[in-house]
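J.: 3D model of this:
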Amino acid sequence: MNKTIDFSLPPGFRFHPTDEELMFYLKNKVSSSTSQLASLIAETDLYKLNPWELPDKAYFGESEWFFFSPRDRKYPNGVRPNRTATSGYWKATGKDKPILSSRALQCVGVKKALVFYKGRPPKGTKTKWMMDEYRLLNTSHQCTSNKRSMRVSPIL
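T.: Numbering: from 1, shown residues only. Prediction:
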């Protein structure tokens, strides 16, 4: 594993954040916070690597890993995300799911499930690799829009 964290963690430390906690880390990352907490999650472009190469890029994890990654567009003037990877593509499976705050029951972000397929669409072969994509909301607090092109993704 790539261990480049600037501070030491106590023995037995485990990183198992809830969806709401992941939104906290993403918000700090997007706002360019200098908090060391944001550095708990590695930053890498998920689409320049195959999913089986990603565990070596993560700071933590045995069965799931967390990353900040840019979210590029498929077309320069379009809104569709480009999810093409080195040897395949990530395919969305279902709708965005709202992430609610535990205190105010306010929608703080959305999450989308993705599955990795080897090959090119539409004839790719489904693999065991899955990812949840997390996005912040814009200021209108609608659960269908994103704030910025960064994502944190646990890959199972």
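
J.: The helix or strand harbouring residue 116: how far from the chain's middle?
T.: Here residue 116 sits within strand 107-118, counting by DSSP states H and E. Relative to the centre of its chain, strand 107-118 is centred 8 Å away, using C-alpha atoms, centre = their mean, to the nearest Å.

J.: Identify each of the helices in this protein and give its residue range.
T.: Using DSSP state H, the helices found in the chain span residues 19-30.

J.: Show me the shaky parts of it.
T.: 1-7, 33-38, 138-156 (pLDDT under 70).

J.: Going along the chain, name the strands of this structure.
T.: Ranges of strands within the chain are 42-43, 67-70, 88-92, 97-100, 107-118, 125-136, 150-152, based on DSSP state E.

J.: Need the CA coordinates for the third one. CSV is fine.
T.: The reference is to strand 88-92. C-alpha atoms of strand 88-92 as CSV (Å, rounded to 0.1, in the frame of the first residue of the first chain):
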residue,chain,number,x,y,z
GLY,A,88,-12.9,-1.3,-19.5
TYR,A,89,-15.6,1.0,-18.1
TRP,A,90,-17.6,1.7,-15.0
LYS,A,91,-21.4,1.3,-15.6
ALA,A,92,-24.0,3.0,-13.4
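
J.: And that strand, what's buried?
T.: Within strand 88-92, the residues that qualify as buried are 88, 89, 90, counting by 16 or more other C-beta atoms under 10 Å. Every residue, glycine included, has its C-beta placed from N, CA and C.
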